[in-house]
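1. What follows is a predicted protein model with its sequence.
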Amino acid sequence: MKNTKAGLLFNILAWLIAVLLTAGLCAACGNMPESTITREGADENAGAEHDAEISTENNGIKRAGAGTENSETEIQIFIAASLQNVMRQIAEDYSRLHPEVKIIYHAASSGTLLTQIEEGYECDIFFSAAQKQMDQLEADGLTVEGTRSDVVRNQVVVVAGKDRETKVTGLLSLGKAESIALAGGSVPAGRYTRQALINLGILPGTEDAAAVTSRQVSEALGGVEISEQDNVSKVLLAVLEGSCEAGTVYYTDTYGYEEELKVLETVSENLTGEVIYPAAQTVNPDADETQKRAAADFLAYMLSDEAAAVFEKFYYESVRK
């Protein structure tokens, strides 16, 4: 009997111990967040993805720093205002071949661009509308030796609005206009016009045609009103808008405006001198080797047969053939 009671007591105690142990385990489970493992797994995966993104970016930086052919860079190109349309097309064509090179143009009169480069503006290529500004830049030691080349030839023309009546037929009759638009003497187009007027005997001879003021031109033409502009694109705009009866621009400026402009005279090179556009790579102390190589390559492209065909489409005459 004792043994039976003892056995029963033992079984009860064993049962109680089992119950207590089970309750303890369940309590422990109740204190553990259900999704801890899931979240930890998700966090680990997110960390792996983030590391992969960082690695990709770092690898990209290493490739660029290594100076490979596909390294991304940008080049600053200073161009005469009259070159804007054609150079936009050439940049588009070049970018299809070299999408890693970003081309940034700065367009103004060649004289203004020269001054900016001399003052330390960052520039990789200078494309001037006249030799004078390039001569000065070269004398300043700011062109890369051996990179200067004549690229295209242009001509000065006298223009008027196509539907506007005018007695002007060319340079000799400019004085018959109510008003004319003329680029300043520091602007190549303005200097070429002044030189032509000197050679025609309308203006007195001078050592530097660029020094002739608009007032002097007006007086020589009988007091005609002159609207002086700081680049040839503004001269073109003044004629197109009708604020001036006539003006002198480049033949290439008439591209795309054939229905709005009439060319009254194409001025002979015997009067203006050769209208040649030179280009050169410039000394840029801020440029790294990748940028310098890109500038040299783009300059070579400007001198290629492919670029020559584009220049001719925009009424320039290539001097590279």
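-> Received, thanks.
2. For the stretch 151-300 of the chain, just list every one of the strands.
-> Using DSSP state E, counting those that start in this stretch, the strands found in the stretch 151-300 of the chain span residues 156-161, 179-183, 225-229, 246-250, 261-266, 275-281.
3. make that the stretch 1-150 of the chain, sorry
-> Counting by DSSP E, counting those that start in this stretch, the strands of the stretch 1-150 of the chain are 73-80, 101-108, 125-127, 149-154.
4. just checking, what packs against the second one?
-> So the one you mean is strand 101-108. strand 73-80, helix 84-97, helix 110-118, helix 289-302 (3 or more CB pairs under 8 Å, 6 or more residues apart in numbering; DSSP states H and E). For the C-beta atoms, the positions are set from N, CA and C on the backbone; glycine is no exception.
5. Between these, which one is closest to L240.
-> Proximity to L240 (CB to CB) singles out helix 84-97 among those, at 14.2 Å.
6. Redo the helices and strands packed on strand 101-108 as CSV? Include mean pLDDT and mean neighbour count.
-> Putting those into CSV (pLDDT from 0 to 100; neighbours: other CB atoms under 10 Å) gives the following:
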stretch, mean pLDDT, mean neighbour count
strand 73-80, 97, 23
helix 84-97, 96, 15
helix 110-118, 96, 22
helix 289-302, 97, 18
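7. pLDDT below threshold where in the stretch 201-321 of the chain?
-> The stretch 201-321 of the chain contains residues with pLDDT under 70 at 321.
8. If I75 is in a bridge, with which residues?
-> Note on I75: beta-bridge partners by DSSP bridges are I103.
9. on that earlier part again, select, out of the helices and strands packed on strand 101-108, the one closest to E260.
-> Of all the helices and strands packed on strand 101-108, helix 84-97 comes closest under CB to CB, at 14.8 Å.
10. For the closest residue to T147 other than its chain neighbours, which residues are in contact?
-> Counting by CB to CB, 6 or more residues apart in numbering, T147 lies nearest to Q281, which is 4.1 Å off, once chain neighbours are set aside. The contact partners of Q281, by CB atoms under 8 Å, 6 or more residues apart in numbering, come to 124-125, 143-144, 147, 292, 295-296, 299.
11. How about S95?
-> So S95 contacts 101, 103 (CB under 8 Å, 6+ apart).
12. Give me the distance between D253 and D140.
-> According to CB to CB, to the nearest Å, D253 stands 29 Å off from D140.
13. An error on my part: the question was meant for L113.
-> 13 Å.
14. ditto for R215
-> Taking CB to CB, one finds R215 at 31 Å from D140.
15. the more surrounded of those two?
-> Neighbour comparison, R215 and D140: the larger count goes to D140, with 13 against 10 (by other CB atoms under 10 Å).
16. hang on, the more buried one packs against E119?
-> No - counting by CB atoms under 8 Å, D140 does not reach E119; the two are 11.1 Å apart.
17. Give the residues shared as contacts by those two.
-> By CB under 8 Å, 6+ apart, no residue touches both D140 and E119.
18. possible to save the contacts of Q281 as a markdown table with distance to T166?
-> Shown next, in a markdown table, are the contacts of Q281 (distance: CB to CB, whole Å):
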| residue | distance to T166 |
| --- | --- |
| D124 | 43 |
| I125 | 39 |
| T143 | 42 |
| V144 | 46 |
| T147 | 44 |
| K292 | 50 |
| A295 | 45 |
| A296 | 47 |
| L299 | 41 |
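19. which one among those residues gets closest to V168?
-> The closest of those, once distances to V168 are taken by CB to CB, is I125, at 37.4 Å.
20. How many residues are close by the closest one?
-> For I125, using other CB under 10 Å, the count is 24.
21. which non-adjacent residue is nearest V217?
-> I226 (6.1 Å).
22. Next one: that neighbour from E259, what distance?
-> 27 Å.
23. Check T112 too.
-> From T112 to E259 the distance is 31 Å (CB to CB).
24. cool, and T169?
-> Taken as CB to CB, the span from T169 to E259 is 21 Å.
25. For the two, indicate the residue with more neighbours.
-> Applying other CB under 10 Å to T169 and E259 shows that T169 carries more neighbours, namely 14 against 8.
26. Touching, the more buried one and E265? I think so.
-> Yes - counting by CB under 8 Å, T169 does reach E265; the two are 6.7 Å apart.
27. which residues sit in contact with T282?
-> 78, 117, 123-126, 137, 142-144 are the contacts of T282 under CB under 8 Å, 6+ apart.
28. Kindly reformat the residues you listed as a markdown table containing distance to L200.
-> Formatted as a markdown table, the contacts of T282 follow (distance: CB to CB, whole Å):
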| residue | distance to L200 |
| --- | --- |
| F78 | 32 |
| I117 | 34 |
| C123 | 36 |
| D124 | 40 |
| I125 | 35 |
| F126 | 31 |
| L137 | 31 |
| L142 | 36 |
| T143 | 34 |
| V144 | 39 |
